[in-house]
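S.K.: Prediction below, plus the sequence it came from.
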Amino acid sequence: MTSPQARIRPDHVTPRRASDLAAALGAPAPDTDAEVTGVVSDNRAAGPGDLFVALPGARVHGARFAADAVARGATAVLTDPAGAALLEAEATTSARPAVLVVADPRAAAGPAAAHVYGAPAERLVTFGLTGTNGKTTTTYQLDHVLRALGRRCGLVGTVETRSGDRVLPSVLTTPEAADLQAVLAAMVSDGVEALTMEVSSHAIAQHRVDGVVYDVAGFTNLTQDHLDFHGDLETYFATKAELFTPARSRRGVVVVDDEHGAEMARRAEVPVATLSTGTGVRPLDPGADWTVSGVAPDGTGSAFTLTHRDGRTLRTRTALPGGYNVANAALAAVMVLESGADVDAVDQALRAVDGLTATVPGRMEVLATSPRVVVDFAHNTEALELALSALRPTTKGRLSVVFGATGDRDPGKRPFMGAAAVRGADVVVVTDDDPHGEDRAAVRAAVLDGARAALAGLGRDVELTEIADRADAIARAITSAGADDTVLVAGRGHETIQEVAGVDHHLDDREEARAALAARQEHESEGRSMRPKHEGTGRPMRPKHERESGA
Ligand SMILES: CC(=O)N[C@H]1[C@@H](OP(=O)(O)OP(=O)(O)OC[C@H]2O[C@@H](n3ccc(=O)[nH]c3=O)[C@H](O)[C@@H]2O)O[C@H](CO)[C@@H](O)[C@@H]1O[C@H](C)C(=O)N[C@@H](C)C(=O)N[C@H](CCC(=O)O)C(=O)O
Ligand SMILES: Nc1ncnc2c1ncn2[C@@H]1O[C@H](COP(=O)(O)OP(=O)(O)OP(=O)(O)O)[C@@H](O)[C@H]1O
């Protein structure tokens, strides 16, 4: 269920007649006409002049909430025949909205909202990113390149939604169709020129991006995920492939570092430029339109050269670690180039901002350099492995990881995550992630089982610790790190709410890490040792500590 949430909406909208909207949607003219100045699909967000889109849901029909939406000022309802029947049955003598009936209101919601808001997507240069991993990171890098070129930018994604000076935390990666069109309209009125956004597979399947044809669509990669929703990998792939059809984009850029990318490029029904970076599972493909070469370590990140088959070339850098971040940065730059930007202009703009140096909230976010403390969203085995191997080459001392597994979700991955941590790190602190309704100790035990099994036969020492409380675990890992060590806090990234047994608690890994770093600095400035056996509270530094060797 969508939760009640603040939404970015345009300040002024030219009223449209519900009857005109019905004609535009090919729906019968409503019995009652009305003026419409906004669109919502959650009654709790309805206000005066809104069209309430009553969707048939998996749990409830939105038409059940139509009377409340009307009481809040909605003047019209868009629904299906079942919803219209519900409205009829529940009709009171009070305000009667204009009722528009279509066979598939989900598919009509985007076009209806685009009509009401004056087709805002057509007044922006639009970039849409899809793929299993890297959408958020690449979206921020794209935003960074566009800003470097002097464009006014809007952004929509997992972490936040930004229009001009307005910034709101996001609830979904890709908003509901009505909310998305409202944000785009707000962007137009805020003077935004370019939109970068994440397009989830759920959003494509649920028509949330209908009403937008992206100027440039991008594909990062595809691995097994979300099969609870899509059923099988082929359906998941086919859903993402829809983004590369004329109904949804004008052109595309596809990273061909995995087989799915190569297949996506073959299947695309819009012109696509391929990008091969040689950082994924497939080797560098010299036949790709754009290739990456000369990857060289540069601080925590890498420098690299991007070359088109026609000879255009650009040397730049990403500040984020790991080969996959070279791919994300290269994709961002190529999407801007494929939108028509001149390579020399992009080169100059990137030089002025020291390369692709966007800070991505909770994605390989570096909070300190000595010890290096990094917060990352890696919350599955593959992401954890990648994050650790990305940090290893630039870690002079020990590499620590603080992480846990989510309760009530995919229990099968827990031991694998434990094993990945042991294989990739020198110090492993297993703690709580989001327990949700599950027994926290049992979730940790499953992770620890995998960790211990991986230790057997590993051939090197790994310090394995269990600290239930996450804030405590972060503090202890940072306090006991050496100056050359790296501490990776993985799993929750930008998230600020930890749900324990149905109760939400504020918990932000970055805040906890910063507090621990500040305490550490205070100790250091007082000339005290940073690796004491006991904290000021008298608690032991490493409770339940086990020093285990796989040798
Ligand atoms: C599994 C899934 O995708 N569910 C979506 C589905 O919910 P549903 O069919 O259960 O809807 P419902 O609760 O029966 O409600 C039906 C209608 O009544 C409305 N309603 C409901 C209750 C109420 O009090 N008032 C009200 O108006 C709802 O807004 C909805 O329009 O239809 C709803 C309306 O379109 C979606 O909001 C909802 O997404 C839920 C919130 C969700 O969590 N989706 C996730 C899985 C998702 O989309 N994730 C992707 C990212 C994935 C990733 O890459 O990690 C994303 O884009 O965020
Ligand atoms: N190109 C990539 N390939 C593989 N892993 C990546 C890539 N880019 C980022 N990651 C890792 O995947 C995780 C999620 O990254 P990011 O948030 O950018 O992706 P996303 O597609 O937006 O995923 P989500 O929707 O879950 O936020 C992080 O742990 C990050 O380190």
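M.R.: Yep, that arrived. Residues are numbered from 1 along each chain as shown. Ligands and ions are numbered 1, 2, ... in the order given.

S.K.: Run through the strands of the stretch 1-150 of the chain in chain order.
M.R.: Secondary structure of the stretch 1-150 of the chain, counting by DSSP state E, counting those that start in this stretch: strands at 16-17, 35-36, 38-40, 50-53, 76-79, 98-101, 125-130.

S.K.: Ok, which of those comes nearest ligand 2?
M.R.: Nearest to ligand 2 among the strands of the stretch 1-150 of the chain is strand 125-130; the distance by Cβ to the nearest ligand atom comes to 7.8 Å. For glycine as for every other residue, the C-beta is placed from the backbone atoms N, C-alpha and C.

S.K.: Note down every partner strand of that closest one and its orientation.
M.R.: strand 194-198 (parallel), strand 214-219 (parallel) (DSSP bridges).

S.K.: Could you save the ones you listed as CSV and add columns showing distance to residue 175, mean neighbour count and mean pLDDT?
M.R.: Formatted as CSV, the strands paired with strand 125-130 follow (distance: least, Cβ to Cβ, whole Å; neighbours: other Cβ atoms under 10 Å; pLDDT from 0 to 100):
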stretch, distance to residue 175, mean neighbour count, mean pLDDT
strand 194-198, 9, 26, 98
strand 214-219, 15, 27, 98
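
S.K.: Tell me which of those strands lies nearest to residue 122.
M.R.: Distances from residue 122 to each of the strands paired with strand 125-130 were compared using Cβ to Cβ; the minimum, 10.0 Å, belongs to strand 214-219.

S.K.: quick one, what contacts the closest residue to residue 101 other than its chain neighbours?
M.R.: When the adjacent residues along the chain are set aside, residue 101 lies closest to residue 84, with 4.8 Å between them (Cβ to Cβ, 6 or more residues apart in numbering). With contact set as Cβ atoms under 8 Å, 6 or more residues apart in numbering, residue 84 has these partners: 63, 99, 101.

S.K.: can you check residue 126 too?
M.R.: With the criterion set at Cβ under 8 Å, 6+ apart, residue 126 makes contact with 194-195, 197, 212-216.

S.K.: how long is stretch 371-390 end to end?
M.R.: This stretch, stretch 371-390, spans 16 Å end to end (Cα to Cα, to the nearest Å).

S.K.: What's the mean pLDDT across it?
M.R.: Within the predicted structure, the mean pLDDT of stretch 371-390 is 94.

S.K.: follow-up on the earlier one: just give me the closest of the contacts of residue 84 to residue 393.
M.R.: Nearest to residue 393 among the contacts of residue 84, with distances taken as Cβ to Cβ, is residue 63, at 56.8 Å.

S.K.: quick one: the helices in the stretch 1-150 of the chain?
M.R.: Along the stretch 1-150 of the chain, counting by DSSP state H, counting those that start in this stretch, helices occupy 18-25, 66-71, 81-90, 105-116, 135-148.

S.K.: What is the shortest one packed up against?
M.R.: Right, helix 66-71. In this structure, helix 66-71 packs against strand 50-53, strand 76-79, helix 81-90, with contacts taken as 3 or more Cβ pairs under 8 Å, 6 or more residues apart in numbering; DSSP states H and E.

S.K.: Show me what from this protein comes close to ligand 1.
M.R.: Among all residues of the chain, those adjacent to ligand 1 (criterion: Cβ under 6 Å from any ligand atom) are 1-2, 41-44, 55, 57-60, 62, 65, 172-174, 176, 200, 202-203, 206.

S.K.: what subset of those residues is also close to ligand 2?
M.R.: Residues shared between these and the neighbourhood of ligand 2 are residue 173 [Cβ under 6 Å from any ligand atom].

S.K.: related to what we said a few turns ago, of all the strands paired with strand 125-130, which one comes closest to residue 157?
M.R.: Put simply, out of the strands paired with strand 125-130 the one that sits nearest residue 157 is strand 194-198, at 4.1 Å, with distance taken as Cβ to Cβ.

S.K.: any idea whether residue 366 is helix, strand or coil?
M.R.: Look at residue 366: counting by DSSP: H, G, I helix; E, B strand; the rest coil, its state is strand.

S.K.: quick one, what contacts it?
M.R.: Residues in contact with residue 366 (Cβ under 8 Å, 6+ apart) are 300, 372-374.

S.K.: Keep only those of those residues that are in strands.
M.R.: Counting by DSSP state E, the part of the contacts of residue 366 found in strands is 372-374.

S.K.: out of these, which is most surrounded?
M.R.: Top of these by neighbour number is residue 373, holding 28 neighbours under the definition other Cβ atoms under 10 Å.

S.K.: my guess is that one meets residue 483, correct?
M.R.: No: under the criterion of Cβ atoms under 8 Å, residue 373 lies out of contact with residue 483, with a separation of 11.9 Å.

S.K.: got a list of what the closest residue to residue 65 other than its chain neighbours touches?
M.R.: Closest residue in space to residue 65, ignoring its immediate chain neighbours: residue 43 at 3.6 Å, by Cβ to Cβ, 6+ apart. When the contact criterion is Cβ under 8 Å, 6+ apart, the partners of residue 43 are 52, 62, 65-66, 68-69, 72, 74.

S.K.: ok, back up a step: mind putting the strands paired with strand 125-130 into JSON lines with distance to ligand 2?
M.R.: Output for those, formatted as JSON lines (distance: least, Cβ to the nearest ligand atom, whole Å):
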{"stretch": "strand 194-198", "distance to ligand 2": "6"}
{"stretch": "strand 214-219", "distance to ligand 2": "11"}
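
S.K.: Quick check: residues of the stretch 101-250 of the chain near ligand 2?
M.R.: Going by Cβ under 6 Å from any ligand atom, the residues of the stretch 101-250 of the chain near ligand 2 are 131, 133-137, 158, 173, 198, 220-221.

S.K.: From those residues, pick the one nearest ligand 1.
M.R.: The shortest distance between ligand 1 and any of these, using Cβ to the nearest ligand atom, involves residue 173 and amounts to 3.6 Å.

S.K.: give me the number of residues near the closest one?
M.R.: Other residues near residue 173 come to 20 when the count uses other Cβ under 10 Å.

S.K.: For it, pull up the helix or strand it's in.
M.R.: According to DSSP states H and E, residue 173 maps onto no helix or strand at all.

S.K.: quick one, what contacts it?
M.R.: Taking Cβ under 8 Å, 6+ apart as the definition of contact, the neighbours of residue 173 are 135, 157-158, 198, 200, 202-203.

S.K.: Just the ones of those in helices?
M.R.: Here DSSP state H is the test, and the contacts of residue 173 give 135, 202-203 as lying in helices.

S.K.: Turn those residues into a markdown table, including pLDDT, distance to residue 283 and neighbour count.
M.R.: Listed next are these as a markdown table, based on pLDDT from 0 to 100; distance: Cβ to Cβ, whole Å; neighbours: other Cβ atoms under 10 Å:
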| residue | pLDDT | distance to residue 283 | neighbour count |
| --- | --- | --- | --- |
| 135 | 96 | 24 | 25 |
| 202 | 94 | 32 | 15 |
| 203 | 97 | 32 | 24 |
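
S.K.: how close does the closest residue to residue 245 other than its chain neighbours sit to ligand 1?
M.R.: Taking Cβ to Cβ, 6+ apart, and ignoring the residues beside it in sequence, residue 245 has residue 269 as its nearest neighbour in space, at 4.5 Å. Separation of residue 269 from ligand 1 (Cβ to the nearest ligand atom, to the nearest Å) stands at 23 Å.

S.K.: Between its first and last residues, how far does stretch 147-163 reach?
M.R.: The distance separating the two terminal residues of stretch 147-163, taken as Cα to Cα, comes to 13 Å.

S.K.: How about the residues of this protein by ligand 2?
M.R.: The chain comes close to ligand 2 at residues 131, 133-137, 158, 173, 198, 220-221, 324, 327-328, 363-364, 376-378, 383, 386-387, as judged by Cβ under 6 Å from any ligand atom.

S.K.: residues near the closest residue to residue 79 other than its chain neighbours, how many?
M.R.: With sequence-adjacent residues excluded and distances taken as Cβ to Cβ, 6+ apart, residue 79 is closest to residue 54, at 4.0 Å. Number of residues near residue 54 (other Cβ under 10 Å) recorded here: 26.
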